[in-house]
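>>> heads up, no residue letters with this:
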């Protein structure tokens, strides 16, 4: 028959061959199907029963003639069944932390139980542990991170982890330095997280760095000014509670990202020159650069340079996003 195209839905090659047979020959009997499949009669009967269970065929009349379900209806049903099965599998995977504990128990006396505080050395080991903690987080992640800029590599590494947590319903509360909003790529990433459900606040002054997972484990650097020196991972409830209290204090004193954005937008608007304002309006309303440049009496090269500068100020990755952000900030 060729490739088993329906295998992605969990349909075997023999089952697909039978379904296609009934599509070509609706209303036929289920007798002698084993001859078609070149297999034993009981195997053919099992295939027919499973097609019934999947809703791909149904029998009618006193002689139980077989009719196929319309392919569009059938594939919609198979898709729903497959997605449901994948969702259940994903839930089992995300709840599999106990497997790690069981595997560690196999080490027995060769390794002591994890202490109340673990010291992690080396950036690679710290990152791996953060990945592990984020992967198994189920309720909430709290963080204070006083960086002023995220590199493209950091964003590329963090984005799938953060978005995956948010999709699973994990609450993320993050406090960052206000200076981070001055970097277009960093600010755009933070806004992306907010759009997906994260709660982010900014603060003008903080030297603390901390991460808390499910209020059970807290990670802090040995030296907040030099994270390469290592980190401490606390499991003791008393220590974790104190770190959470520190986070809540910083959180309460911080400002919501949307409010900080509005203030930055106002400050940025005041710094726009008259030509920048006109170019901004033009790039949002005129289709082609040539037409916009001609309308403003600029060369196309100069006009495009203004556009690039404005996109950087807005933290936009495209002109469409720049137009949207400019309208949100009241610049046009």
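Now that the structure is in, tell me what you want to look at. This one's a predicted model, so the numbers in the text were calculated from it and none came from an experiment.
>>> can you map out the helices along this protein?
Listed in chain order, the helices found in the chain under DSSP state H are 13-24, 33-37, 41-54, 71-94, 97-105, 123-136, 152-167, 184-195, 237-253, 257-270, 274-285, 289-296, 300-314, 319-328.
>>> Can you add mean pLDDT, mean neighbour count and distance to residue 222 and give these back as a markdown table?
From N, CA and C alone the C-beta is placed, and that goes for glycine too. As requested, these are arranged in a markdown table below (pLDDT from 0 to 100; neighbours: other CB atoms under 10 Å; distance: least, CB to CB, whole Å):
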| stretch | mean pLDDT | mean neighbour count | distance to residue 222 |
| --- | --- | --- | --- |
| helix 13-24 | 88 | 18 | 59 |
| helix 33-37 | 78 | 15 | 67 |
| helix 41-54 | 88 | 15 | 58 |
| helix 71-94 | 78 | 12 | 31 |
| helix 97-105 | 63 | 10 | 25 |
| helix 123-136 | 87 | 15 | 10 |
| helix 152-167 | 89 | 14 | 20 |
| helix 184-195 | 89 | 18 | 25 |
| helix 237-253 | 89 | 14 | 14 |
| helix 257-270 | 63 | 15 | 29 |
| helix 274-285 | 81 | 17 | 46 |
| helix 289-296 | 84 | 16 | 52 |
| helix 300-314 | 83 | 17 | 36 |
| helix 319-328 | 77 | 16 | 39 |
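>>> Residue 208 is nearest to which of the ones you listed?
helix 237-253 (6.5 Å; CB to CB).
>>> Can you pull out the residues in contact with that closest one?
Helix 237-253 has contacts (CB atoms under 8 Å, 6 or more residues apart in numbering) with 116-117, 142, 144, 173, 175, 201, 203, 206, 208, 210, 212, 215-218, 220, 234.
>>> go again using 6 Å as the cut-off
By CB atoms under 6 Å, 6 or more residues apart in numbering, the residues outside helix 237-253 that reach it are 142, 144, 175, 210, 212, 218, 234.
>>> How far off centre is stretch 58-75?
41 Å (CA atoms, centre = their mean, to the nearest Å).
>>> go on, stretch 39-54?
Taking mean C-alpha positions (CA atoms, centre = their mean), stretch 39-54 and its chain are 41 Å apart.
>>> Likewise for stretch 129-147?
14 Å.
>>> what about that stretch, start to end distance?
Terminal residues of stretch 129-147 are spaced 20 Å apart (CA to CA, to the nearest Å).
>>> Stretch 292-300 now?
Span of stretch 292-300 from end to end, CA to CA: 8 Å.
>>> Count the neighbours of the closest residue to residue 177 other than its chain neighbours for me.
Spatial nearest neighbour of residue 177, excluding adjacent residues (CB to CB, 6 or more residues apart in numbering): residue 146 at 4.7 Å. Residues near residue 146, counting by other CB atoms under 10 Å, number 17.
>>> ditto for residue 175
Residue 175 is flanked by 24 other residues according to other CB under 10 Å.
>>> now do the one 4 residues further on
Other residues lying near residue 179 total 14 when counted by other CB under 10 Å.
>>> List the residues that contact the closest residue to it other than its chain neighbours.
Nearest residue to residue 179, sequence neighbours excluded (CB to CB, 6+ apart): residue 148, at 4.2 Å. If a contact means CB under 6 Å, 6+ apart, then residue 148 has 177, 179, 180 as its contacts.
>>> Select from the residues you listed every entry located in strands.
residue 177 (DSSP state E).
>>> Pick out whichever of the contacts of residue 148 sits closest to residue 328.
Of all these, residue 328 sits closest to residue 180, with 19.0 Å by CB to CB.
>>> was I right about that closest one contacting residue 186?
Yes. Residue 180 is within contact range of residue 186, at 4.8 Å (criterion: CB atoms under 6 Å).
>>> Against residue 186, how distant is the residue nearest to residue 179?
To residue 186, residue 148 is 8 Å away according to CB to CB, to the nearest Å.
>>> shared neighbours of these two, anything?
With CB under 6 Å, 6+ apart, residue 148 and residue 186 have common neighbours residue 180.
>>> Got phi/psi on residue 222?
phi -60, psi -40 (degrees, to the nearest 10).
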